[in-house]
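*Asks:* What shape does this take:
(2 chains)
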Amino acid sequence: DVKVTQSSRYLVKRTGEKVFLECVQDMDHENMFWYRQDPGLGLRLIYFSYDVKMKEKGDIPEGYSVSREKKERFSLILESASTNQTSMYLCASRGTSGDSITDTQYFGPGTRLTVL
Amino acid sequence: GQNIDQPTEMTATEGAIVQINCTYQTSGFNGLFWYQQHAGEAPTFLSYNVLDGLEEKGRFSSFLSRSKGYSYLLLKELQMKDSASYLCAVSNDYKLSFGAGTTVTVRA
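*Replies:* Modelled structure (predicted):
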């Protein structure tokens, strides 16, 4: 069974604080993703990583950065948190088997971040 | 750009059938996924279509027409535990673009 864990289920931070969200997967997956989920907007891709130390911007990267120093861990960083970053943050991982396109993404339980 | 549309909400009775439609216009297409997400939980994989036609998996079936940019998820013999959000997602390489989700409420 694939397991994707996130460091916190709930987090409350103040405007201007630096925030770290951690994600760990135990399936040796190459690809990892960070999304945010907002009512009426669905899941939107912030950043993804296809290998260690490799990263690419998703659809809404502004105000975020990421780090992937080890294969199993992908961190999302809010350099200076703002109230419009209050959201549910979901991490996902995906393997690349022989039929890589069909490999589904497995999601972590999410971190509900509130920025005051 | 990516445009993926699905209805916001649907309500059905226990034991009935519900069909959730998804239409898409995307810059690339490698397949279409359906996920289920219960309130406060992570999305979980339900089905994947890459070729036109119907894929059946127990009480759930998913259909794809690539020429029409259209898919549906069919839920049969509805149970109370099927009350959840259902997310349509289009795959382009290894990235997914999601619709906003359809909240299905099953009533007794």
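
*Asks:* in chain A, which spans are strands?
*Replies:* A:4-6, A:10-13, A:19-25, A:31-38, A:42-51, A:54-57, A:64-70, A:73-78, A:87-94, A:106-107, A:111-115 (DSSP state E).

*Asks:* how about the last one, does it reach chain B?
*Replies:* No: with Cβ under 8 Å from any Cβ of the partner chain as the measure, strand A:111-115 is seen stopping short of chain B, the closest distance being 8.7 Å. Any C-beta I mention is one placed from the backbone N, CA and C, and that applies to glycine too.

*Asks:* Show me what that strand is packed up against.
*Replies:* Counting by 3 or more Cβ pairs under 8 Å, 6 or more residues apart in numbering or on different chains; DSSP states H and E, the packing neighbours recorded for strand A:111-115 are strand A:10-13, strand A:19-25, strand A:87-94.

*Asks:* how does it look with 7 Å?
*Replies:* strand A:10-13, strand A:87-94 (3 or more Cβ pairs under 7 Å, 6 or more residues apart in numbering or on different chains; DSSP states H and E).

*Asks:* Pick the most buried one from those.
*Replies:* Counting by mean count of other Cβ atoms under 10 Å in any protein chain shown, strand A:87-94 has the highest mean neighbour count of those, with a mean of 23.

*Asks:* right, and the secondary structure at the closest residue in space to B:Asn92 that isn't next to it in sequence would be what?
*Replies:* Spatially, and ignoring its direct neighbours in sequence, B:Asn92 is nearest to B:Gly28 (3.7 Å; Cβ to Cβ, 6 or more residues apart in numbering or on different chains). What DSSP: H, G, I helix; E, B strand; the rest coil gives for B:Gly28 is coil.

*Asks:* quick one: low-confidence parts of the chain?
*Replies:* All of this refers to chain A. A:1-2, A:97-102 (pLDDT under 70).

*Asks:* um, chain B though
*Replies:* If you take pLDDT under 70 as the line, chain B has these spans: B:1.
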